[in-house]
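Enquirer: Next input, structure requested:
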Amino acid sequence: MHFKMMLVPRITCCYFFLLERFIKMSYTKNMSGSGTKLIAQNKKARFNYSIEETYECGIVLQGTEVKSVKAGNISFPDAFAEIRSGEVWIIGLHISPYPFSSVFNHDPDRKKKLLLHSEEIKRLIRKVEEKGMTLIPLDVYLKSGRVKITLGVCRGKKQFDKRADIRERDIKRDMQREFKKGLNG
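Expert: Numbers count the residues shown, from 1 in each chain. So this is what the prediction gives:
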């Protein structure tokens, strides 16, 4: 009886460790380039906005946030960035609390500061002042062990633009299907 009680916590810890490793492996795919792993993509933003320009930004995170991001516990479908007093802040980026941390965990929905050069921030201010332009996070990835965000200067698409994109995607998929069918048979 005593032996079983000691075995259960050890198995449970092993289970959580393996589960965490599986989550890391399933959420992080290799991107092109060495030392870069994609953690999350904002597919909704790529569908709803046309991307004019992209910037690579660093992000200021707390310790448990970094561990949670590396585990893939991140969500940003409605996230956007804004410029306040010469600094770029991302709002709506949800980083879930790290499950293996103590009671001193981070606030999952806090505003996070993005790290850019001052010239880039000035360029972004000019772009955002144009009508219809906004800053949207597109990708979250690791580069040499540091969390980076691809920030896009985007313009909202109209409904007919979205329909045209869907039509083009379907045509491309049909062409690939026909090509594979021609090779196989």
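Enquirer: beta partners of M133?
Expert: Taking DSSP bridges as the rule, M133 bridges to R155.
Enquirer: Correction: the previous question concerned I51.
Expert: C154.
Enquirer: Tell me the spacing between it and R84.
Expert: 23 Å (CB to CB, to the nearest Å). All C-beta spots, glycine's among them, are computed from the backbone N, C-alpha and C.
Enquirer: Of the two, give the one with the bigger neighbour count.
Expert: Neighbour count, other CB atoms under 10 Å: between I51 and R84, I51 has more, with 14 against 9.
Enquirer: Enumerate every residue touching that one.
Expert: 138, 152-154 (CB atoms under 8 Å, 6 or more residues apart in numbering).
Enquirer: could you dump those to a markdown table with pLDDT?
Expert: Formatted as a markdown table, the contacts of I51 follow (pLDDT from 0 to 100):
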| residue | pLDDT |
| --- | --- |
| L138 | 93 |
| G152 | 92 |
| V153 | 92 |
| C154 | 90 |
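Enquirer: if we take those, which one ends up nearest to P99?
Expert: Of all the contacts of I51, P99 sits closest to L138, with 27.1 Å by CB to CB.
Enquirer: That closest one is in what secondary structure piece?
Expert: strand 133-143 (DSSP states H and E).
Enquirer: Point out the other helices and strands that that strand packs with.
Expert: strand 36-41, helix 43-48, strand 49-59, strand 80-84, helix 118-129, strand 146-156 (3 or more CB pairs under 8 Å, 6 or more residues apart in numbering; DSSP states H and E).
Enquirer: Could you tell me the average pLDDT over stretch 173-180, please?
Expert: Across stretch 173-180, pLDDT averages out at 86.
Enquirer: now it: how far from the chain's centre is it?
Expert: Averaging C-alpha positions (CA atoms, centre = their mean, to the nearest Å) puts stretch 173-180 30 Å from its chain's average.
Enquirer: Same check on stretch 139-158?
Expert: 7 Å.
Enquirer: List the buried residues for it?
Expert: Applying a neighbour-count criterion of 16 or more other CB atoms under 10 Å, one finds 139-142, 147-155 buried in stretch 139-158.
Enquirer: can you tell me which residues contact F47?
Expert: 157, 162, 165.
Enquirer: ok, of the buried residues of stretch 139-158, which one's closest to I125?
Expert: After measuring these against I125 - CB to CB - the closest member comes out as V153, at 11.0 Å.
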